[in-house]
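> What follows is a protein structure lacking sequence information:
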């Protein structure tokens with residue numbers, strides 16, 4: 001399933017507004033001077049969503065079942081908060097079009113959302129063999145400045161600069177992440193007091209498609225959202241690298257392989273030290289995987305992190 005961020009759909013200006021409209025007591029959030037509205041998929045008539053699904057062969061139930069083993073029916077996929085029902089679409093257009101969303105606009109928007117979901121699920125399908133070998137790379141060669149395309153009014157457009165720009169342990173000056181990723185950073189901020197007792201050189205780096213690690217079982221590419229680097233105190237040159245993936249509950253089932261991969265990292269490298277010869281001498285590392293971070297299960301994650309370190 002795609003990340004829990006809104007799919008954005010711009011209504012063609014030439015389209016009329018005489019078609020049937022979205023009615024009822026649905027709450028629609030008004031943003032950006034009434035030029036954009038967020039509409040939950042649940043607020044769109046069932047027959048429109050069902051029609052869009054019927055047009056896309058990717059969403060045949062048997063194929064959906066391969067990606068979501070616990071799915072019981074297509075209706076559950078449409079209505080459940082764990083799947084499509086937990087998503088929203090941001091419509092953009094003039095006030096009249098937004099006040100009276102046509103069936104055609106809703107159908108086109110749902111079709112676009114489904115195409116994006118199908119594309120992301122296909123990208124997660126691979127047939128490679130993984131390896132347990134890791135190779136060193138310089139930070140400056142992996143993490144570089146990037147220009148991000150952000151849409152005003154979406155959750156990622158807020159960089160949370162008020163927090164991260166004043167934290168010496170957060171590498172970048174903004175966090176253009178999802179709400180779940182922002183919640184993780186705030187949770188870690190509250191934990192730095194005990195981390196600083198054991199470690200110096202504490203750095204949290206957001207992975208905005210800078211690097212990938214590859215599943216041991218099949219080589220499937222995984223871009224963890226964050227890597228936390230911690231260097232032990234008392235002159236010890238041992239550095240911990242912790243791979244961290246904040247994840248909304250509705251995505252956890254489909255991305256279970258990522259949770260399994262993080263668990264394998266923890267198990268395979270527990271107590272092991274990787275040593276690499278560099279120009280500055282021998283560098284020692286320990287790789288650490290922790291469970292998904294979820295805001296609702298924050299206490300569990302914090303306990304796992306403390307145990308791993």
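Looks like it arrived, so ask away. Because the structure is a prediction, the values reported are computed rather than measured.

> Point out where the stretch 51-200 of the chain drops to low pLDDT.
Low-confidence regions of the stretch 51-200 of the chain, defined by pLDDT under 70, span residues 123-130, 150, 153, 155.

> where exactly do the strands run in it?
For the stretch 51-200 of the chain, the strands defined by DSSP state E, counting those that start in this stretch occupy 88-92, 199-206.

> how about the ones you listed in a markdown table, adding distance to residue 186 and mean neighbour count?
C-betas here are computed from N, CA, C, even on glycine. Formatted as a markdown table, the strands of the stretch 51-200 of the chain follow (distance: least, Cβ to Cβ, whole Å; neighbours: other Cβ atoms under 10 Å):
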| stretch | distance to residue 186 | mean neighbour count |
| --- | --- | --- |
| strand 88-92 | 23 | 21 |
| strand 199-206 | 12 | 17 |
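
> With distance to residue 183 added, can I get the ones you listed in a markdown table?
As requested, those are exported to a markdown table (distance: least, Cβ to Cβ, whole Å):
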| stretch | distance to residue 183 |
| --- | --- |
| strand 88-92 | 18 |
| strand 199-206 | 14 |
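
> Out of those strands, which is closest to residue 179?
With Cβ to Cβ, the closest approach to residue 179 among the strands of the stretch 51-200 of the chain belongs to strand 88-92: 12.4 Å.

> so where does residue 219 fall, helix or strand?
Residue 219 belongs to no helix or strand when assigned by DSSP states H and E.

> pLDDT at it, what is it?
pLDDT for residue 219: 76.

> can you count the residues close to it?
Neighbours of residue 219 under the rule other Cβ atoms under 10 Å: 13.

> Now do it against residue 131, distance only.
For residue 219, the distance to residue 131 (Cβ to Cβ, to the nearest Å) stands at 8 Å.

> where along the protein do the helices fall?
Taking DSSP state H, the helices of the chain run over residues 46-54, 61-67, 74-79, 95-99, 103-123, 139-142, 161-164, 179-189, 192-198, 249-252, 256-269, 298-308.

> So for residue 231, which of those sits nearest?
Within the helices of the chain, the stretch nearest residue 231 is helix 192-198; the backing value is 10.0 Å (Cβ to Cβ).

> which of the residues in the closest one are buried?
Using 16 or more other Cβ atoms under 10 Å as the test for burial, helix 192-198 gives 192, 195.

> Give me the contacts around it.
Residues outside helix 192-198 that contact it (Cβ atoms under 8 Å, 6 or more residues apart in numbering): 167, 169, 202, 230, 232, 233, 306, 309.

> Same check on stretch 204-215?
Outside stretch 204-215, the residues within contact range by Cβ under 8 Å, 6+ apart are 128, 130-131, 137, 139, 142-144, 146, 148, 169-172, 175-177, 181, 185, 188, 220-229, 243, 257, 261.
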